[in-house]
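Enquirer: Quick one, structure for this:
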Amino acid sequence: MAVDVRLSAIDTSLHRPLGAGAKHLRQFLDVVDEIYRTDPNYVRPLDFDLRQRLSPKNPFFQHAEGVVLTARRGGRVLGRATAQVDREHLARYRDDVGFFGFFDTVDDQEVASALLEHAGRWLRDKGMKTMRGPFSLSINEELGCLVEGFDAPPMLLMTHHRPYQGGLIEGAGLEKVKDFYAWRYGVGEVPTRARRAADEVAALPEVSSRMLEPKQLERDVRLVMDIFNDAWSDNWGFVPLTEAELRKMAEDFRLLLVPELTLLVSVDGEPVAFAIALPNLNAMIRDLKGKLLPTGAAKLLFRLKVSGPDEARLILLGVRRKLRHVRKYAALSTYMYVKMNEAGQRLGIRRGELSWTLEDNGAVNAAIRFMGGKIYKRYRVYEKAL
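Expert: Below you'll find the predicted structure:
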């Protein structure tokens, strides 16, 4: 029986909730229950969050457009994906690359190929010459298909897949373009060499550090993003956040941010480096099955504010480029790792994840190994000429 792919636009011109009808969106959200039914490590994202992200009100769609797709056979929904064009990416790279994301399917090559064929066709109609992904929705959100590390649940804002899904993407004619690492880190004793390096930075009189201030969060997020846009500007695929996306990030951080798990470092009063870890929300929503009602919201709030997290993900870290080759500041990242480790211990954080890092970012990967981190998950991004 042939696979039918339904395509619905994310309507950014009419500003209604979603170009897809309510039934199609529900199918898009619910298909993961079938795909991951026997996977004990899958964590279904909150429907509320995905609805917001796929809404034209998402600031991403001020510079992008996209479609949501579901694949069905005989009336049974078997897979999903999105296709999106990001004009910020195109303005920066001029490479005619479009993206697919939210790629989840049953173990069926016909289903996967049909989804990716339709995504590619839509992108080609928009003038794109290459399809790349998974990006859900951009490089500043979840990315990659999990290809190693299926035996542990995903951390906050990281993807999870079945072991067969990478093969289905390759079976549809896409090839690897880049791998990304997630590092497991046990909070506790710091290696002696790392401690010594951090102490040397801490002893410099011009170096100071502080937490982000919740009452001045938008101001501090701006400082962080200014450093981020400088520190990450040479990274593969980097696209800076827009003003609207920055404001949205500050809003999103308000619920999850634990000030003790943040760090803003200054040299002679100038902010030059930062690190931000967030509690692992996935561990707190695992039993909610994507639903905040009727009792999920109360459970989540209790777990966040009362029982507290014991896992966190180091989600962002950056050092201004001008300091990278200044010898006395060479250990700034190690200094931040050590400070964050100490804060985690005080809060009862037992495990951490540092993610993601590029497979070919030797300096960053070496610094994480120096602190005792170990790669435990690998995510792959693929692409195909259209």
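
Enquirer: Can you list the buried residues in stretch 210-224?
Expert: By neighbour count on 16 or more other Cβ atoms under 10 Å, the buried set for stretch 210-224 is 212, 217, 220, 221, 224. (Each C-beta comes from the backbone N, C-alpha and C, glycine too.)

Enquirer: what two of the residues you listed are the furthest from one another?
Expert: Of all pairs drawn from the buried residues of stretch 210-224, the one with the largest separation by Cβ to Cβ is 217 and 224; the distance is 10.0 Å.

Enquirer: circling back to that earlier point, among the buried residues of stretch 210-224, which are located in helices?
Expert: In this view, the buried residues of stretch 210-224 that belong to helices under DSSP state H are 217, 220, 221, 224.

Enquirer: buried ones in stretch 86-103?
Expert: In terms of neighbour count (16+ other Cβ under 10 Å), stretch 86-103 has its buried residues at 86, 88, 89, 90, 97, 98, 99, 100, 101, 102, 103.

Enquirer: of these, closest to residue 3?
Expert: Within the set of these, residue 103 lies nearest residue 3; the separation is 14.8 Å, counting by Cβ to Cβ.

Enquirer: dump the residue contacts of the closest one.
Expert: Residue 103 sits next to 79, 80, 81, 112, 115, 116, 133, 134, 145, 165, 169 when contact means Cβ atoms under 8 Å, 6 or more residues apart in numbering.

Enquirer: In helices, which of these fall?
Expert: For the contacts of residue 103, the ones inside helices are 112, 115, 116, 165, 169, with DSSP H as the criterion.

Enquirer: Format the ones in helices among the buried residues of stretch 210-224 as CSV; extra columns: distance to residue 46.
Expert: Rendered in CSV, the data for these read as follows (distance: Cβ to Cβ, whole Å):
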residue, distance to residue 46
217, 22
220, 26
221, 22
224, 25
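
Enquirer: what residue ranges in the protein score low on pLDDT?
Expert: Per-residue confidence of the chain (counting by pLDDT under 70) places the weak regions at 1, 6-21.

Enquirer: mind redoing it with 80?
Expert: Regions of the chain meeting the criterion pLDDT under 80 cover residues 1-22, 292-297, 300, 302-308.

Enquirer: Tell me who's in contact with residue 336.
Expert: Applying Cβ under 8 Å, 6+ apart, one finds that residue 336 lies in contact with 209, 263, 265, 273, 274, 275, 317.

Enquirer: Residue 27 contacts residue 76, correct?
Expert: No - under the criterion of Cβ atoms under 8 Å, residue 27 makes no contact with residue 76, lying 10.1 Å away.

Enquirer: Name the residue in those two with the higher neighbour count.
Expert: With other Cβ atoms under 10 Å as the criterion, residue 27 and residue 76 differ in neighbour count, and residue 27 comes out ahead with 17 against 11.

Enquirer: and that one, what does it touch?
Expert: With contact set as Cβ under 8 Å, 6+ apart, residue 27 has these partners: 70, 72, 77, 80.

Enquirer: swap in residue 43?
Expert: The neighbourhood of residue 43, defined by Cβ under 8 Å, 6+ apart, consists of 153, 154, 160, 282, 285, 286.

Enquirer: Show me which pair in the residues you listed is furthest apart.
Expert: Using Cβ to Cβ, the contacts of residue 43 reach their maximum pairwise distance at 160 and 285, which is 13.3 Å.

Enquirer: Tell me which of those two has more neighbours.
Expert: In terms of neighbours (other Cβ under 10 Å), residue 160 is the more surrounded of residue 160 and residue 285; the figures are 26 against 22.

Enquirer: Does the more buried one fall in a helix, a strand, or a coil region?
Expert: Here residue 160 is coil, with the state taken from DSSP: H, G, I helix; E, B strand; the rest coil.

Enquirer: Figure out the helix or strand that the closest residue to it other than its chain neighbours lives in.
Expert: Computed as Cβ to Cβ, 6 or more residues apart in numbering, the closest residue to residue 160 that is not its neighbour in sequence is residue 154, at 4.1 Å. In this structure, residue 154 sits in neither a helix nor a strand according to DSSP states H and E.

Enquirer: so residue 154 makes contact with residue 161?
Expert: No - with contact taken as Cβ under 8 Å, residue 154 and residue 161 are classed as non-touching, separated by 9.3 Å.

Enquirer: Thank you, goodbye.
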